[in-house]
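[1] sharing a model prediction with you, sequence too.
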Amino acid sequence: MKPVVMTENLGKVYNPGSIPVTALRNATITIDRGEFTTIVGPSGSGKTTLLNLLGGLDRPTSGSVCINGIDIATLKDPELIDFRLWNIGFVFQHYNLIPVFTARENVAFIMLLQHRNKQQIRERADQLLDEVGLSHRRDVRPAQLSGGEQQRVAVARALATEPKFIIADEPTANLDTAAAMNLLDIMERMNREKQITFVFSTHDQRVIERARRVITLVDGAIVTDRQHAS
Amino acid sequence: MKTLLILSWRNIWRHPGRSSALLAAIISGLWAGALTIAISNGIYQQRTNYLINNETTHLQIHHPDFMTERSPDLTIPQPEVIVSRLAQDPRVRSFSPRTLIDGMLQSPVKASGVRIRGIDIVAETATTGFHRQLSAGRFLDQSTRNPLVMGQALAATHNMEIGNRVVLVFEDTRHELTAAAFTIVGLFVSPSRQVDRTLVFVRADDLSSLLADRFISHEIVILLHDIADADTVAADLNTRFNGISARTWFELSPELRTLIDYGSITLLLLTTVIMLALAFGILNTLLMSLFERRYELGMLLCIGMGRGKLFVMMMLEALMLTLSGAAAGLLLAAMALNWLSSTGVDLGIFAAGLAQIGYDRIIYPFLHGSDYATVVFMVIFTTLAAALYPAWKALATNPLEASKSR
Ligand SMILES: Nc1ncnc2c1ncn2[C@@H]1O[C@H](COP(=O)(O)OP(=O)(O)OP(=O)(O)O)[C@@H](O)[C@H]1O
Ligand SMILES: [Mg+2]
C-alpha cells in the first residue's frame, strides 16, 4: 500500500535572496496510513516548516513531497488548494474557525466546498460533533466556545472531508492540561477506530508520550525518529 | 453560493459600529442626493410645463428669418393653407396664429418698449394658458374697440388702470410709423417680472389692420396631443411648406436647453461627489477588515477554499453593505418624496430671486423610475470598482498566515 506521505531530502530555505535562513534540511520521512506521529523539537527547530511542507501550504526549496503518491510540486496553486481540500485536514494553533459560523456551520462549510449533498452534510456534521462530544454546543459560535471546544470543532472539521491525513501544528499549545488530554483522547480514538492518520507537532511532554512515533528536529534536521511501543 | 452570501452578510456585522457608520453614510448620502435630484427635476419640470403651456407650446411656425430680425413684413406666407392643414392633422390638439410687433406703449406718464402680441382669443385660449394669469378685468373680447391686456406691473408704472387708454406706436409692414389708441380691459400677473413689464395682448385682427391691409400672421403656435411628436410634426411641416420654418420647443427655447444642460452638470457633479465618498468608505472599511482577517483568510485558503471564492466573498460583503444602504436611502427618499410631491417644497428665501426670472415659489420634486435605476447602477459600479483592490489583496493572501505562531 502507498504511504500517505513520503518526502525525500526535503529542505526549506527562507529568504534565499537576502539573509537566508535554513529552516529544514534533508528531511526524508515516510508516513503510512494509520500512523499517530508527532514532530518535536525546540522552538525554531523547523516543526512548523516541516508540517507546512507536508500539508502543501508551502513549497520546498529542495527535495520533494509526495502525498498519496502525488508529487505536489506538479500541482499548480489552484490545484493545490483543491488538493488540500480533498486530501488533508488541518488543525492550527489559533484562528481555526470561521468566527461568524456556528460549530455546526463550520463543520458543514468545508463539506459544502466539496459540493456534497446537503442532507448528507447535515447528518455528517451532527455526527462528527457528537463524536467530539459537542452535540450540545453545535449552534454556538466559536467566541462562546472554550479553547478546547474550539479545537475539538477543528478536529471535527478536519475529519469532515475524509482526508488522507490530518496535520495539527501545536493543537494543544493554548489548552490547559485537561482540555489537552481530552483533545488527545479524541484524536487517539479517531486514529484507532477509523484508521485516521495524524501528524502533529508539540512541545508538551505529556502529549509526546501519547504518540506512537516521535520525530525529533534540531536546527532543521531530523535527529531521531523513534517508534513507541504504546 | 447561498452559504457565501450568509458568510459575507455575517462578516459585515462583525463590526456593527463600523458597518453601521458606513451604512448611515450611504443612506444619508443617497437620501440627500436623491432629494436634490428630485428637487432639480421638479424645478425643471415646472419650468418646462410653464414655458410649454404659456409661451413656447410644442412647436411654432415662422417666416424663416422672423426670429432673428423680427421685422413686421416677415410674415408667414399663405397662413390659411397651413392652418387648414393643421386642422386636419390628428396629432395636433390646437393651434393659434399670432400677429406680432415690437413697439412703444405711451401713456400720459411715459413711454415703454413693449412686445405686442396680437391673438385670436378662441384659438389662443385653447392653445396656451396665459389667460389664466389674468388678475383683473377680462382677457380681450369683442365688446370693446381695440381692447388691450397688459401686465399689472407695467400698468402700475404708467399709473394706468382698467378702462384707461394707452397709445401703441410701431412700424407697419411698409416701415412707416403707425399709432393707435387701445383700451385696457385686463391685467395679468405672470411668474416672470420681465414678462409682466413688457408683454401686451391685443386682438390679431386689430393689429393686422394697423400693420397691413390684410390679415397677417407672424407666428403659429401649435399644441400637440403628445410632446414626443414635436420633431416629426415639425419635419413634416418643413418639407410640405416653403418659405416657413417650423421649430420645436427644444429648438425655440434657449432657456429650456440651458436648464437641461445645467441640470445634467449639477447632477454629474453631485453624483460624482457622492460616489467618490462611497468609494472611499468602501475601500477603507474593506482594507481594515482585510487587515484584521488576514489569518482567517489564510486559514480558509489552507483548508481548501479557492481564491475565487475568497474574492467573491469580499465583493459580496461590499455589495451587500452598499446595496442595502442604497435601498434604504432610496426608500427613505421615496417616502420623503411621496410626502413632498403633494405638499410641494417652498423655496422661500430663494423665491424672490426666482420670481424675477419666472419661477414659482413652490416646486414639486419627483424622481423618474430611471433615476432610481441609475443610482442603483452607479452604486453597484462604484462599489465593485472600490472593492476590487481589497478583494484582489484578499486573493493574494498567503495561506501560511494561518500557521504563523503568535
Ligand atoms: N517566513 C519565514 N521567513 C524567514 N524565516 C522563517 C520564516 N518562518 C520561519 N522562519 C525561521 O525558520 C526557522 C524554523 O521555524 P519554524 O517556525 O518552522 O520553527 P518551529 O519549530 O515551528 O518553532 P516553534 O516551536 O517556535 O513554533 C526559525 O529559525 C524561524 O525563525
Ligand atoms: Mg511552530
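    Nice, thanks for sending it over. Ligands and ions are numbered 1, 2, ... in the order given.
[2] what about the longest strand in chain A?
    strand A:5-14 (DSSP state E).
[3] which parts of chain A are strands?
    A:5-14, A:21-27, A:30-31, A:36-40, A:62-67, A:70-71, A:88-91, A:165-169, A:197-201, A:213-218, A:221-227.
[4] longest helix anywhere in the chain?
    Because you didn't say which chain, this covers chain A. Longest helix of chain A, by residue count under DSSP state H: helix A:177-194.
[5] wait, I meant chain B there
    Max-length helix for chain B by DSSP H is helix B:254-292.
[6] report the central residue of the chain.
    You didn't say which chain, so I picked chain A. Centroid-nearest residue in chain A, with CA atoms, centre = their mean: A:Ile167, separated by 1.3 Å.
[7] was after chain B, sorry
    B:Tyr44 (2.3 Å).
[8] ok, that residue - contacts?
    In this structure, B:Tyr44 makes contact with B:Leu259, B:Ile260, B:Gly263, judged by CB atoms under 8 Å, 6 or more residues apart in numbering or on different chains. Any C-beta I mention is one placed from the backbone N, CA and C, and that applies to glycine too.
[9] repeat that with 7 Å
    B:Leu259, B:Gly263 (CB atoms under 7 Å, 6 or more residues apart in numbering or on different chains).
[10] residues of chain A that sit close to chain B?
    A:48, A:52, A:57-58, A:78, A:81-82, A:84-85, A:90, A:92-96, A:98, A:100, A:109-110, A:112-113, A:169 (CB under 7 Å from any CB of the partner chain).
[11] which of those are buried?
    Those of the residues of chain A next to chain B that meet the buried threshold are A:48, A:52, A:57-58, A:81-82, A:84-85, A:90, A:92-96, A:98, A:100, A:109-110, A:112-113, A:169, by 16 or more other CB atoms under 10 Å in any protein chain shown.
[12] give me the below-cutoff pLDDT ranges for chain A.
    A:1, A:95, A:229-230 (pLDDT under 70).
[13] what about 80?
    A:1, A:16, A:95, A:228-230 (pLDDT under 80).
[14] do the same with the stretch 101-250 of chain B
    B:141-143.
[15] name the helices or strands packed onto the helix or strand harbouring B:Pro390?
    Following DSSP states H and E, one finds B:Pro390 within helix B:369-395. Under the contact criterion of 3 or more CB pairs under 7 Å, 6 or more residues apart in numbering or on different chains; DSSP states H and E, helix B:369-395 touches helix B:16-51, helix B:254-292, helix B:307-343.
[16] now those helices as JSON lines including distance to A:Gly133?
    What follows is the helices and strands packed on helix B:369-395, written out as JSON lines (distance: least, CB to CB, whole Å):
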{"stretch": "helix B:16-51", "distance to A:Gly133": "33"}
{"stretch": "helix B:254-292", "distance to A:Gly133": "31"}
{"stretch": "helix B:307-343", "distance to A:Gly133": "31"}
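[17] B:Phe66: which of the ones you listed is closest?
    helix B:254-292 (16.3 Å; CB to CB).
[18] show me the one of the helices and strands packed on helix B:369-395 that comes nearest ligand 2.
    helix B:254-292 (22.6 Å; CB to the ion).
[19] and the contacts of the following helix or strand past that closest one?
    Per DSSP H and E, helix B:254-292 leads on to helix B:294-303 as the next helix or strand towards the C-terminus. With CB under 7 Å, 6+ apart as the test, helix B:294-303 has contacts from A:57, A:81, A:84-85, A:90, A:92, A:95-96, A:98, A:110, B:310, B:394, B:397-402.
[20] can you rerun that using 6 Å?
    Residues from elsewhere that reach helix B:294-303, judged by CB atoms under 6 Å, 6 or more residues apart in numbering or on different chains: A:Leu57, A:Phe90, A:Tyr95, A:Ile110, B:Ala394, B:Thr397, B:Pro399, B:Glu401, B:Ala402.
[21] from those residues, which land in helices?
    Reading helices off the contacts of helix B:294-303 with DSSP H, I get A:Ile110, B:Ala394.
[22] get me the contact residues on chain A for ligand 2.
    Applying CB under 5 Å from the ion, one finds that chain A approaches ligand 2 through A:Lys47, A:Thr48.
[23] OK, contacts around the residue of chain A found nearest ligand 2?
    Going by CB to the ion, ligand 2 is nearest to A:Thr48 of chain A, at 3.1 Å. Applying CB under 6 Å, 6+ apart to A:Thr48 gives the contacts A:Asp169, B:Ser403.
[24] now swap in the one 5 residues further on and tell me
    Contacts of A:Leu53 were listed using CB under 6 Å, 6+ apart, and they are A:Pro60, A:Val65.
[25] that one and A:Val132, how far apart?
    28 Å (CB to CB, to the nearest Å).
[26] please report how far whichever residue of the stretch 51-200 of chain B sits closest to ligand 1 lies from B:Ser253.
    Taking CB to the nearest ligand atom as the measure, the stretch 51-200 of chain B has B:Leu51 as its residue closest to ligand 1, at 72.4 Å. Counting by CB to CB, the gap from B:Leu51 to B:Ser253 is 6 Å.
[27] residues near residue 70, how many?
    If you meant another chain, say so; for now it's chain A. Around A:Ile70 there are 14 other residues, counting by other CB atoms under 10 Å in any protein chain shown.
[28] that was the other one, I meant chain B.
    For B:Arg70, using other CB under 10 Å, the count is 14.
[29] which residues touch it?
    With CB under 6 Å, 6+ apart, B:Arg70 has no contacts at all.
[30] pick out the residue in chain A sitting closest to chain B.
    Going by CB to the nearest CB, chain B is nearest to A:Leu85 of chain A, at 2.5 Å.
[31] which parts of chain B sit against chain A?
    B:3, B:10-11, B:295-296, B:299, B:302-306, B:399-400, B:402-403 (CB under 6 Å from any CB of the partner chain).
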